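Undergrad: pasting the sequence and the predicted model now:
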Amino acid sequence: SFPISAIFKRLPDNKINLKNTYIIIASSIYIFFIIENFKGFFTILGNSLFTYFLTKYYKSRFMPWVNLIVLMGSLCINHIHAQFTTARLNPGEIDFTGAQMVMVMKLSAFGWSYLDGQLFLKDKEKFESNLNTYQKSRAILKHPKLISYLGYVFFYASLLTGPSFDYADYEKFILTDLFNDVPNNKKPGKYHKRKIPKSGRIALLKVLQGFIWIGLFVYLTPKITIEYSLSDDFKYNKSFIYKLIFIWILGMVQRFKYYAVWLISEGSCIVVGLGYNGYDSSNDKMYWNRVQNIDPLKFEMGQNVHDCLESWNMNTNKWLKNFIYLRTCTRDKETNKLKVV
């Protein structure tokens, strides 16, 4: 993704269709020539086209639920097939359900955000009172063109492993509105200033962190094994305290692979510019945590469940809160506060 992003950042800022086409071509290279998973491509394409046309033509408050049920149903079927059929008959085949899980979050969030945008156009007062700040900021007022939508769906830097992000963020990114607050002295380009600021150093730091976690995972996995935890020696010859410490370390080692892949994919999003999250003029600092998905140290040192959840798979937790949990709540007519159905 890094060399692909280096070219992308030099495409003209106002050539929206060109940039979307470039993104789709880059992802096609991933799918057809690198992982060679045609079934995965057509599954994700079919799901995304279903969501696109459902949101465009099905004018109902039940639209997001229909969208979620169909997407989850398709994912469930593919998970079962991968577990009981593919894993047994074709163990070397790359499993695309990880990418599909990311897609379910993106597409279901798209359905809710488009419905929120329609609510804004019809009843602004209800829009303001019923939605939180995050949901309002992600509302889609106009149904996008198909090429922009497919660019969002097949965004190469997060296609295979995530992180998930909302269409509103992608639209601001592709239109370069995301970088309106970047001062001129921070914009690259000697003669023609580009809006997407430099981010190679920040991205490289994320990748190096990912390599460290991968190195630890590769080194420790043969030494701290699940097989040993199931052995008779572990069961009958080790003390209770030893078992506790071993299982704790075993769980930590198994998490290292997730730290690695999420940090590297976040670096991929940062280098292309999508990770940009604002400029603080008082500190002369740019923030690059828009699509951050993991904070390993905060998670490992979390003092309670809330702290750990806030630091682990962060974009999935945002999706669960804003597009699942809060959507199953109703408002009390007297207090106007949310209550769970």
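TA: Thanks, I have it. Numbers count the residues shown, from 1 in each chain.

Undergrad: from what I can see Tyr22 touches Phe8, true?
TA: Yes: here Tyr22 reaches Phe8: they are 6.0 Å apart, a contact under CB atoms under 8 Å. Glycine gets a C-beta too; all of them are placed from N, C-alpha and C.

Undergrad: and the two? which has more neighbours close in?
TA: Phe8 (20 against 17; other CB atoms under 10 Å).

Undergrad: which pLDDT value belongs to the more buried one?
TA: For Phe8, the pLDDT comes out at 93.

Undergrad: can you check Lys190 too?
TA: For Lys190, the model assigns a pLDDT of 69.

Undergrad: could we number from 51 for the rest of this?
TA: Noted, 51 is the first residue going forward, which turns the last one into Lys240.

Undergrad: what about the nearest residue to Glu143 once chain neighbours are set aside, which SS state?
TA: Leaving aside its chain neighbours, Glu143 sits nearest to Thr136 (5.6 Å; criterion: CB to CB, 6 or more residues apart in numbering). Three-state call for Thr136 (DSSP: H, G, I helix; E, B strand; the rest coil): helix.

Undergrad: which stretches in the stretch 201-350 of the chain count as strands?
TA: Ranges of strands in the stretch 201-350 of the chain, per DSSP state E, counting those that start in this stretch, are 329-330, 335-336.

Undergrad: so which residues make contact with the first one?
TA: Read that as strand 329-330. Asp231, Val232, Pro233, Lys236, Lys335, Met336, Tyr337 (CB atoms under 8 Å, 6 or more residues apart in numbering).

Undergrad: paired strands for that strand, with orientation please.
TA: strand 335-336 (antiparallel) (DSSP bridges).

Undergrad: okay, now the unreliable bits of the protein?
TA: For the chain, the stretches flagged by pLDDT under 70 are 137, 240-241, 381-391.

Undergrad: ok, how many other residues are close to His129?
TA: Quick note: His129 (other CB under 10 Å) scores 14 neighbours.

Undergrad: wait, a strand at it?
TA: No: with three-state DSSP as the criterion, His129 is assigned helix and is not in a strand.

Undergrad: show me what contacts it?
TA: Residues near His129 by CB under 8 Å, 6+ apart: Thr147.

Undergrad: measure it to Ser208 for me?
TA: 20 Å (CB to CB, to the nearest Å).

Undergrad: give me the phi and psi for the residue lying closest to Met155 once chain neighbours are set aside.
TA: Closest residue in space to Met155, ignoring its immediate chain neighbours: Ser214 at 4.1 Å, by CB to CB, 6+ apart. Phi and psi for Ser214, reported as degrees, to the nearest 10, are phi -80, psi 150.

Undergrad: isn't Ser214 up against Lys156?
TA: Yes: with contacts counted by CB under 8 Å, Ser214 reaches Lys156, the gap being 5.3 Å.

Undergrad: comparing those two, which residue is more hemmed in?
TA: Lys156 (25 against 22).

Undergrad: right, and the more buried one touches Gly212 too?
TA: No: using CB under 8 Å, Lys156 is not in contact with Gly212; the gap is 9.2 Å.

Undergrad: hey, which helix is longest across this structure?
TA: Scanning the chain for the helix with the most residues, using DSSP state H, yields helix 290-322.

Undergrad: which strands and helices lie in contact with that one?
TA: Here helix 290-322 touches helix 52-58, helix 250-270, helix 276-279, helix 346-350, going by 3 or more CB pairs under 8 Å, 6 or more residues apart in numbering; DSSP states H and E.

Undergrad: list the buried ones in it?
TA: 300, 303, 305-306, 308-322 (16 or more other CB atoms under 10 Å).

Undergrad: now swap in stretch 252-270 and tell me
TA: Buried-residue list, stretch 252-270, by 16+ other CB under 10 Å: Ile252, Ala253, Lys256, Val257, Gln259, Gly260, Trp263, Ile264, Leu266, Phe267, Leu270.

Undergrad: spatially nearest residue to the fifth one (excluding sequence neighbours)?
TA: When you say that, I think you mean Gln259. Per CB to CB, 6+ apart, closest to Gln259 is Leu313, 5.0 Å.

Undergrad: give the contact list for the one you found.
TA: By CB under 8 Å, 6+ apart, Leu313 lies in contact with Lys256, Val257, Gln259, Gly260, Trp263, Ile344, Pro346.

Undergrad: now those as a markdown table including distance to Leu359?
TA: Conversion of these to a markdown table gives the following (distance: CB to CB, whole Å):
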| residue | distance to Leu359 |
| --- | --- |
| Lys256 | 21 |
| Val257 | 26 |
| Gln259 | 21 |
| Gly260 | 22 |
| Trp263 | 20 |
| Ile344 | 12 |
| Pro346 | 14 |
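
Undergrad: for the spatially most central residue of the chain, what are its contacts?
TA: Among the residues of the chain, the one closest to the centroid is Ser214, at 1.6 Å (CA atoms, centre = their mean). Ser214 sits next to Val152, Met155, Lys156, Ala159, Ser208, Asn365, Thr366, Trp369 when contact means CB under 8 Å, 6+ apart.
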